[in-house]
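>>> Quick one, fold the following:
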Amino acid sequence: MRKATKSPGKKIVEDIKRATRKHYSSEEKIRIVLDGLPGEDSIAKLCRREGISQGIYYKWSKDFMEAGKRRLAGDTARSATTDEVKELRREAKDLKEVVAEQMLELRLLKKSMLGDGGDRE
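Residues are numbered from 1 along each chain as shown. The predicted structure is shown next:
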């Protein structure tokens, strides 16, 4: 079998479509979903006006409703920022060092209490 190759013209058209595809911010997506809720205009008309497919609208709508449901259910988890993660890692490292020092000190105290010193042969 021969592998089908794209014509140069088709590839150029696809590249242009990809480069000119509009990217919507979260705020724009929320506005569009909220515009569709009252039901004044049909979803098809809204999607034509905004230049999106109905499938995209319904996906955004589902995501919006799921996020709202999680928030109302008390799910307040969020992504930690990079700075927060770095600070927590630094704090964990410091705490591990303290624990290691305490374990070493405890071991030395136990040995001294036994009068052994641990150096017998």
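
>>> use CA for all of it now, contacts and neighbours both
Noted.

>>> Pretty sure residue 30 sits against residue 64.
Yes. Here residue 30 reaches residue 64: they are 7.3 Å apart, a contact under Cα atoms under 8 Å.

>>> Tell me the first helix or strand C-terminal of the helix or strand of the chain with the lowest mean pLDDT.
Ranked by mean pLDDT, DSSP states H and E, the helix or strand of the chain with the weakest confidence is helix 8-20, at a mean of 80. The helix or strand immediately downstream of helix 8-20 is helix 26-36, counting by DSSP states H and E.

>>> next structured bit after that following helix?
In N-to-C order, the element after helix 26-36 by DSSP H and E is helix 43-50.

>>> Show me what that following helix packs onto, helices and strands only.
Judged by 3 or more Cα pairs under 8 Å, 6 or more residues apart in numbering; DSSP states H and E, the packing partners of helix 43-50 are helix 26-36, helix 54-72.

>>> Would you mark the buried spots in that helix?
The neighbour-count criterion (16 or more other Cα atoms under 10 Å) identifies 43, 46, 47 as the buried residues of helix 43-50.

>>> pLDDT averaged over the lengthiest helix in the chain - what is it?
Within the chain, and with DSSP state H defining each element, the longest helix by residue count is helix 82-114. For helix 82-114, mean pLDDT is 91.

>>> just checking, what packs against that helix?
Taking 3+ Cα pairs under 8 Å, 6+ apart as the contact cut, helix 82-114 packs with no helix or strand.
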